[in-house]
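**Student:** return a 3D structure for these sequence lines:
(one chain, ligands or ions: 2)
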Amino acid sequence: MKRQAKKILKSVFGYSSFRDSQEEVITAILSGKDTFTSMPTGGGKSLCYQIPGLMFDGLTIVISPLIALMKDQVDDALSKGIPAAFLNSTLDPDKISKIYSRLYRNEIKLLYISPERLAVEGYLEKLQKMNVAFFAIDEAHCLSEWGHDFRPDYLFLTRIRDTFPDVPIAAFTATATQKVQDDIIRILKMKSPFTVRASFNRRELNYQVHPKTEVLSQISAFIKDHPDESGIVYRFRRKDVEKTASYLKTRGIKALHYHAGLSKEERTKNQELFNKDTVDVMVATTAFGMGINKNNIRFVIHGDLPKSMEGYYQETGRAGRDGLDSNCILFFSTGDIVKQQYFIDRTEDPGEQVKLKNNLNSLVRFATINVCRRKQILEYFGEEFDGNCGKCDVCNDTTEKVEATVDARKVLSAIARTNEGFGINHIIDIVWGADTEKIRSRNHHNLKTFGVGKDKSKRWWRGIISELIGQQKIFQNSERYNVLTMNESGKNILFGREPFYISGATANGAAKGGHEKTDRAKLFNPGGPADKALFKKLKQKRTELAKENNVPPYIIFSDKTLTNMARLKPETNEEFLYVSGVGDKKLEVYGPHFLPVIRAYLAD
Ligand code: ADP
Ligand code: ZN
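**Tutor:** Ligands and ions are numbered 1, 2, ... in the order given. Sure thing, here's the model as predicted:
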């Protein structure tokens, strides 16, 4: 069975090996077990149900919430030679009855259905008459109220198990939390399911946080450095979305905008133009998100601080779905904290307020402390990671380090002399020598450390403390009012056994409040195609074919596949099959179009 799955992987999808977890999931589904799979966006979930779907005798039902996406998903399957069809409210009765006759003739292996369609009276019973092999529930987090995208429609899926007690169910989601997982398993009434949690590490994403100064020109400079790349720019407010899009246009960048204030027609049109690579950049609020299936997005820029880590992970996750290196840039300024605080203060529900505040804090921490960004993201999702990823601004920090041992010892001494009983602000007040009620009432103005740092700004001391926390020399104890405590490695610095360094950025930022000039070329280094000129020609051919067939270009070949092609330069059918992403069907349909381009190029 495994051998056959592998064969299909090559012949239908054109890939030579499975990714982490894919094989496990497929084996479990094939053995007839219920399965729960959480995998990050771009991890390759669809293949996990498509391969068993092709191998099983009967029909595979795929439940997918995004009507707008369904056609693309089916087109994509058809382009690989997988007999697929979809049923949703966009089809007219004539088309629907045609699909039914094909279903009864067993001509369809994969049927995509929207949950709202399934909920139509008597529909599940109708499916009972067909030989259903298994149900695949995509975006299964929509079942859970704890998820970020609860859909009441999805609750109907609880009836699948009642109607089909013996047909296995496979649930897929990119949301990692345990609560959501428990909900999904309970609501779908799964029988001791096989669960797989793939790593949430997106190796192809390069995470960068930069100080935000002139954000419009910063965004435009980045895009100008990455010509012909497709990307999304997120802004917090609609006004800024529009302003940014028109700014980029005046700079000659092909950009459009998207937010919930636009008419439905306009939104669909803009999304379509972006999808088809007619424009390069979409400037949007987070309303632009669910349902973007485009896999050649090379960068995601956040012009403002995102609202939560979950959101940030989802939004940046839209880049690099084809597995090629992509950039995630966050422009951060403390002014953004104030802006969000303003909204949080106006939230009525106190529970909601606390939640928003925690979300804000975790992002501020992410953006400010000097710890590998990837490590921080993964740890937020409960995954251990050593750091030193080599693909984030912290790990690639080439700016010089500044020694700050003396100042670190001043802070550590204040913490030790107050018996690790106070939080950040009070420790700063001691070192800086502030005259506050709290200092006086506790006699802290008589400490030896009091005022030893009055020659520097409070901001400087805050920077030193952030670095001490970031480098894990001291901790904020969340169970005891966030008081600061130190560990062994902190003590080593306090007693002069070890030096302490801070990043040049912290030193400059805290001292001058300014921002450092950065060498953009050094910071942004995405992996490029092997032969740029050939890649360009292949891309032109793809655009031409996409127009002719009225499908988005990536349905034909992803950027990754074209890059691979430009690297391998296949000249024969057999060589063409070596390209990752090319299976038998693609060879048959597209080989005759792309091979001549390569041959002509080589002959030149
Ligand atoms: P998800 O639904 O999890 O977001 P997709 O199923 O859309 O992800 O897959 C993302 C991309 O990865 C697609 O372009 C897909 O063809 C590709 N992919 C999936 N599995 C593999 C594999 N084993 N080897 C190479 N590429 C793969
Ligand atoms: Zn890193």
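**Student:** quick one: the residue of the stretch 451-600 of the chain found nearest ligand 1 from residue 230, how far?
**Tutor:** Closest residue of the stretch 451-600 of the chain to ligand 1, CB to the nearest ligand atom: residue 558 (5.1 Å). The way it works is simple: take the backbone N, C-alpha and C, and place the C-beta from them, glycine included. Residue 558 sits 12 Å away from residue 230, taking CB to CB, to the nearest Å as the criterion.
**Student:** who touches both of those two?
**Tutor:** Contact criterion CB atoms under 8 Å, 6 or more residues apart in numbering; residues shared by residue 558 and residue 230: residue 296.
**Student:** one step back: thought the residue of the stretch 451-600 of the chain closest to ligand 1 was touching residue 582?
**Tutor:** No: with contacts counted by CB atoms under 8 Å, residue 558 stays clear of residue 582, the gap being 10.7 Å.
**Student:** which of those two has more neighbours?
**Tutor:** Taking residue 558 and residue 582 together and counting by other CB atoms under 10 Å, residue 582 has the greater number of neighbours (24 against 21).
**Student:** helix/strand/coil for the more buried one?
**Tutor:** The assignment at residue 582 comes out as coil when based on DSSP: H, G, I helix; E, B strand; the rest coil.
**Student:** per-residue pLDDT, it?
**Tutor:** At residue 582, the pLDDT value in this model is 89.
**Student:** give the contact list for the closest residue to it other than its chain neighbours.
**Tutor:** Excluding its sequence neighbours, the residue lying closest to residue 582 (CB to CB, 6 or more residues apart in numbering) is residue 14, at 4.1 Å. With contact taken as CB under 8 Å, 6+ apart, residue 14 is in contact with 561, 577, 579, 580, 581, 582, 583, 586.
**Student:** try it again at 6 Å.
**Tutor:** Residues near residue 14 by CB atoms under 6 Å, 6 or more residues apart in numbering: 581, 582, 583.
**Student:** share the number of residues neighbouring the last one, please.
**Tutor:** The burial metric for residue 583, expressed as a neighbour count using other CB under 10 Å, is 20.
**Student:** wait, it sits on residue 15?
**Tutor:** No: under the criterion of CB atoms under 6 Å, residue 583 is not in contact with residue 15, lying 8.3 Å apart.
**Student:** coming back round to it: now list whatever residues contact both of residue 558 and residue 582.
**Tutor:** Counting by CB under 6 Å, 6+ apart, nothing touches both residue 558 and residue 582.
**Student:** how much space between whatever residue of the stretch 401-550 of the chain ends up closest to ligand 2 and residue 191?
**Tutor:** Distances between the stretch 401-550 of the chain and ligand 2 by CB to the ion are smallest at residue 470, namely 12.7 Å. Per CB to CB, residue 470 is found 46 Å from residue 191.
**Student:** now do residue 482
**Tutor:** To residue 191, residue 482 is 45 Å away according to CB to CB.
**Student:** do residue 473 as well
**Tutor:** As it turns out, when the distance is counted by CB to CB, residue 473 lies 49 Å from residue 191.
**Student:** between the two, which one's more packed in?
**Tutor:** In this comparison of residue 473 against residue 191, neighbours counted by other CB under 10 Å, the higher total goes to residue 473 at 23 against 13.
**Student:** just the pLDDT at the more buried one, thanks.
**Tutor:** pLDDT, the model's per-residue confidence, is 88 for residue 473.
**Student:** so it touches residue 488, yeah?
**Tutor:** No: taking contact to mean CB under 6 Å, the distance of 9.4 Å between residue 473 and residue 488 leaves them out of contact.
**Student:** can you give me the helices in the stretch 351-500 of the chain?
**Tutor:** For the stretch 351-500 of the chain, helices defined by DSSP state H, counting those that start in this stretch occupy the ranges 373-380, 405-417, 424-432, 437-441, 458-470, 488-494.
**Student:** for the second one, buried residues please.
**Tutor:** Pointing back at helix 405-417 there. With burial defined by 16 or more other CB atoms under 10 Å, the residues of helix 405-417 counted as buried are 407, 408, 409, 410, 411, 412, 413, 414, 415, 416.
**Student:** cool, stretch 16-31 as well?
**Tutor:** Of the residues in stretch 16-31, those with enough neighbours to count as buried (16+ other CB under 10 Å) are 18, 21, 22, 23, 24, 25, 26, 27, 28, 29, 30.
**Student:** nearest residue to the second one in space, please, no chain neighbours.
**Tutor:** Leaving aside its chain neighbours, residue 21 sits nearest to residue 198 (4.1 Å; criterion: CB to CB, 6+ apart).
**Student:** residues contacting the one you found?
**Tutor:** So, once contact is read as CB under 6 Å, 6+ apart, residue 198 ends up touching 20, 21, 39, 43.
**Student:** report the entries of the residues you listed that also contact ligand 1.
**Tutor:** When contact is defined as CB under 6 Å from any ligand atom, those meet ligand 1 at 39, 43.
**Student:** near ligand 2, from the contacts of residue 198?
**Tutor:** Filtering the contacts of residue 198 for neighbours of ligand 2 using CB under 5 Å from the ion leaves an empty set.
**Student:** what about the residue of the chain most remote from its centre, distance to residue 417?
**Tutor:** Relative to the centre of the chain, the most outlying C-alpha is that of residue 446, 51.3 Å out, by CA atoms, centre = their mean. Note on residue 446: its distance to residue 417, by CB to CB, is 10 Å.
**Student:** do residue 333 as well
**Tutor:** With distances taken as CB to CB, residue 333 is found 35 Å from residue 417.
**Student:** please name whichever of the contacts of residue 198 scores lowest on pLDDT.
**Tutor:** Per-residue confidence across those is lowest for residue 20, with 78 (pLDDT).
**Student:** for the residue of the stretch 1-150 of the chain found nearest ligand 1, give me the pLDDT.
**Tutor:** Closest residue of the stretch 1-150 of the chain to ligand 1, CB to the nearest ligand atom: residue 44 (3.0 Å). Model confidence at residue 44, expressed as pLDDT, equals 90.
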